[in-house]
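*Asks:* could you look at this predicted model? Sequence included:
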Amino acid sequence: MTDVVRLDAVSKVYGKGQGAVAALREVSVGIPRGSFTAVMGPSGSGKSTFLHCAAGLDVPSSGSVRLGGTELSGMDETALTELRRRRVGFVFQAFNLIPALTVEENITLPLRLAGTRADRAWLDEVVSRVGLRGRTGHRPAQLSGGQQQRVAIARALVTRPEVVFGDEPTGALDTMTARDVLTLLREIVDGTGQTVVMVTHDPVAASYADAVLFLADGRIVDSMAAPTSEKVAERMTRLGAWV
Ligand SMILES: Nc1ncnc2c1ncn2[C@@H]1O[C@H](COP(=O)(O)OP(=O)(O)OP(=O)(O)O)[C@@H](O)[C@H]1O
């Protein structure tokens, strides 16, 4: 498999002088196209920073980030905004839907922002994949939390992005609803070849991924293929995440 995201020697330092914090230290890693990757690590280990740098939401202090062959370093803010709109999708813990818009309007918002129109067949496929047929005229407040996150996932998919990034996408959901959403993400990877990269604190969530990257103190210290929740929990305990 080819890498759709590639980080080489990526470092990120926040602040200057004595108060400087090294959030990422020389991180080099590739994310294979069509894979589901979980990113784990203790609080403050650099997970969000990793996700933001990989997605073009934040600019590394040094190193190279490539997305689908495009080098992000050196891009100006306008080019990065364009790239974020068209080539990456985001799913956050808070669903970030617009209350006044219908489900369909929320889903198609990234297309309108990018100045393109919805491909009806793809929109229908996305809506049915996330199980929202018959709800497209509803407003977010009329939906459950799990359904709202499904809208956010559909919104992330609608531009056919190279990668969908999730920052604790199940963090605000109860256990059963979280499992439904994780199953959906798994199906999207398996069924459409979409690449998903997800930060999570939850070993059960990580077990839905093909591989887990473990961060500690700004470095990737380990990875695990075919993760189980038990193996992930054990690895996290050794990292001192829960002591
Ligand atoms: N904007 C910022 N300014 C200064 N320091 C920051 C900033 N963002 C993150 N940091 C610091 O960088 C380090 C990594 O933070 P990051 O949010 O990436 O970690 P994380 O693993 O996602 O943590 P958590 O699991 O608690 O969300 C932390 O020490 C944090 O305090």
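*Replies:* Thanks, I have it.
*Asks:* helix/strand/coil for the residue of the chain most remote from its centre?
*Replies:* In terms of distance from the mean C-alpha position of the chain, residue 18 ranks first, at 32.1 Å (Cα atoms, centre = their mean). Under DSSP: H, G, I helix; E, B strand; the rest coil, the three-state class of residue 18 is helix.
*Asks:* any idea how far it lies from the ligand?
*Replies:* 13 Å (Cβ to the nearest ligand atom, to the nearest Å). In this view, the C-beta of every residue, glycine as well, is placed from N, C-alpha and C.
*Asks:* for residue 48, same thing?
*Replies:* Where the ligand is concerned, residue 48 sits at a distance of 3 Å (Cβ to the nearest ligand atom).
*Asks:* check residue 122 too.
*Replies:* 32 Å.
*Asks:* surely that residue is in a strand?
*Replies:* No. Counting by three-state DSSP, residue 122 is not found in a strand; it is helix.
*Asks:* I figured it hits residue 154, correct?
*Replies:* No. If you go by Cβ atoms under 8 Å, residue 122 and residue 154 don't touch, sitting 10.7 Å apart.
*Asks:* neighbour count: these two, which is higher?
*Replies:* residue 154 (28 against 13; other Cβ atoms under 10 Å).
*Asks:* name the SS class of that one, please.
*Replies:* helix.
*Asks:* tell me the confidence at the residue farthest from the centre of the chain?
*Replies:* Looking at residue 18, its pLDDT reads 90.
*Asks:* can you give me the buried ones in stretch 102-120?
*Replies:* Buried residues in stretch 102-120, counted by 16 or more other Cβ atoms under 10 Å: 102, 103, 104, 106, 107, 108, 110, 111, 118.
*Asks:* in helices, which of the residues you listed fall?
*Replies:* Here DSSP state H is the test, and the buried residues of stretch 102-120 give 103, 104, 106, 107, 108, 110, 111 as lying in helices.
*Asks:* quick one, what contacts the second one?
*Replies:* With contacts defined as Cβ atoms under 8 Å, 6 or more residues apart in numbering, residue 104 is in contact with 123, 127, 136, 137.
*Asks:* show only the entries of those residues found in helices.
*Replies:* 123, 127.
*Asks:* by neighbours, which of the contacts of residue 104 wins?
*Replies:* Neighbour max across the contacts of residue 104 (other Cβ under 10 Å) = residue 127, 22 neighbours.
*Asks:* need the contact list for it.
*Replies:* With Cβ under 8 Å, 6+ apart, residue 127 has these contacts: 104, 107, 133, 136, 154.
*Asks:* what sits against the last one?
*Replies:* Taking Cβ under 8 Å, 6+ apart as the criterion, residue 154 is in contact with 107, 126, 127, 129, 130, 132.
*Asks:* next one: it from residue 125, what distance?
*Replies:* Between residue 154 and residue 125 the distance is 10 Å, computed by Cβ to Cβ, to the nearest Å.
*Asks:* next: the fourth one.
*Replies:* With distances defined as Cβ to Cβ, the gap from residue 136 to residue 125 amounts to 13 Å.
*Asks:* please apply the same query to the third one.
*Replies:* Here the distance between residue 133 and residue 125 works out to 11 Å (Cβ to Cβ).
*Asks:* circling back to that earlier point, and the furthest pair within the contacts of residue 127?
*Replies:* Farthest-apart pair in those is 107 and 133; separation 12.2 Å (Cβ to Cβ).
*Asks:* quick check, nearest of the contacts of residue 154 to the ligand?
*Replies:* residue 130 (26.1 Å; Cβ to the nearest ligand atom).
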